[in-house]
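A.B. asks: Pasting a predicted model and its sequence here:
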Amino acid sequence: MVNSGFSLLVVLFVVVVFVLALGGSYYSLQSRRRAWNELANRTGLTFEPGSFWRTPTVTGTYRGHALTLDTFTRDSGHSSTRDTRIILFVNNRANLYLALYEKTIVSKISKFLGMQDIQVGDDEFDRRFMIKGRPEDNVMRLLGDSALHTKIMDARSFNVEVDGRELHFEERYVNLDLDYVQSLFDLLTDIAVGVEQIEAKGFSHV
C-alpha cells in the first residue's frame with residue numbers, strides 16, 4: 001500500500017511538472033506572437049503566427065532586402081535553448097565571405113589551432129570579436145566604415161555570417177525587445193548595403 005501511494009505521488013508530480021512546462025511554453029509562444037505581430041505592423045512586414053510545433057515568423061522586404069525573423073532550437077549537449085535568428089538576402093556580387101562573432105572559449109581555441117582572425121586595428125573591437133573573411137582587404141573596408149563599426153559595437157551581442165547571397169544573424173534566447181530588434185534590422189541592412197557596394201566601388205577581386 002505504501003509503495004502504491006508513493007508511485008501515485010510520483011505520477012502526480014510528473015503530471016504537474018509536465019502541465020506547468022506546457023503552460024510555460026504556451027505563454028511564451030503567445031508573448032512572442034503578440035510582440036512579433038506588433039513588430040511586423042511597425043516595419044511593414046508580414047507576421048505568421050505558426051503553431052505550437054512551428055515557430056512564428058516575420059517575413060517580407062525591409063529597406064529593399066528580403067528578410068526573415070524566426071527562432072530555432074540550439075542543442076548544447078545536456079540542454080537546449082530557443083534562440084533568435086534573422087536571415088537577410090544580399091546581392092553579394094563581390095562574393096565576399098564574412099564571419100563575425102563574439103569571442104568565446106571555443107573560438108579562442110579555434111584561433112589557437114590556426115583559424116584565421118582578421119584584426120581591424122581597434123583594440124576594443126578586436127578583443128570582442130573573432131573575424132574571418134575573404135578577400136581580407138574587402139572585409140577590412142567593410143568593417144572600417146566608422147558608422148557601421150560603432151553600430152556593431154553598440155549591439156548587445158552580435159554574431160553574423162555573410163555567405164553567398166545570405167546574411168545570417170543569431171542571438172541567444174528569444175528577443176522581444178521590439179525597438180532593439182528593429183535596430184538589428186537596420187544594422188543588418190546596413191551591412192548588406194555595405195557588401196553590395198563593394199564591387200561598385202571597385203573593391204572586388206573577382
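C.D. replies: That came in fine, so what should we check first? Residues are numbered from 1 along each chain as shown.
A.B. asks: OK, contacts around residue 64?
C.D. replies: Contacts for residue 64 (C-beta atoms under 8 Å, 6 or more residues apart in numbering) come out as residue 189. C-beta: built from backbone N, CA, C; applies to glycine.
A.B. asks: just the one 10 residues further on next, same as before
C.D. replies: Residue 74 makes contact with 80-83, 172, according to C-beta under 8 Å, 6+ apart.
A.B. asks: Can you classify it as helix, strand or coil?
C.D. replies: With DSSP: H, G, I helix; E, B strand; the rest coil as the basis, residue 74 sits in strand.
A.B. asks: And it, how close does it get to residue 188?
C.D. replies: Going from residue 74 to residue 188 by C-beta to C-beta, to the nearest Å gives 19 Å.
A.B. asks: Show me the helices in the chain, by range?
C.D. replies: Here the chain has its helices, by DSSP state H, at 2-43, 105-112, 123-128, 136-143, 146-154, 178-200.
A.B. asks: ranking the ones you listed by mean pLDDT, which is last?
C.D. replies: Averaged per stretch, pLDDT over those is lowest on helix 105-112, reaching a mean of 56.
A.B. asks: center of this structure - which residue?
C.D. replies: residue 170 (1.7 Å; C-alpha atoms, centre = their mean).
A.B. asks: Is that one in contact with residue 85, as I believe?
C.D. replies: Yes. Between residue 170 and residue 85 there is a contact at 5.4 Å, judged by C-beta atoms under 8 Å.
A.B. asks: sorry, back to before: list only buried entries from the contacts of residue 74.
C.D. replies: Buried by 16 or more other C-beta atoms under 10 Å: 82-83, out of these.
A.B. asks: Taking the contacts of residue 74, tell me the two that lie furthest apart.
C.D. replies: 80 and 172 (11.7 Å; C-beta to C-beta).
A.B. asks: List every C-alpha atom in stretch 136-156, with coordinates, as CSV.
C.D. replies: The C-alpha atoms that make up stretch 136-156 are tabulated as CSV, following Å, rounded to 0.1, in the frame of the first residue of the first chain:
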residue,chain,number,x,y,z
GLU,A,136,40.6,40.2,-46.4
ASP,A,137,41.0,43.7,-47.8
ASN,A,138,37.3,43.9,-48.7
VAL,A,139,36.4,42.8,-45.2
MET,A,140,38.6,45.5,-43.7
ARG,A,141,37.0,48.1,-45.9
LEU,A,142,33.5,47.0,-44.9
LEU,A,143,34.2,47.0,-41.2
GLY,A,144,36.3,50.1,-41.5
ASP,A,145,33.2,52.2,-42.1
SER,A,146,33.1,54.3,-38.9
ALA,A,147,29.3,54.4,-38.6
LEU,A,148,28.9,50.7,-39.1
HIS,A,149,31.7,50.0,-36.8
THR,A,150,30.0,52.0,-34.0
LYS,A,151,26.6,50.3,-34.5
ILE,A,152,28.2,46.8,-34.3
MET,A,153,29.9,47.8,-31.0
ASP,A,154,26.6,49.2,-29.6
ALA,A,155,24.8,45.8,-30.2
ARG,A,156,24.2,43.8,-27.1
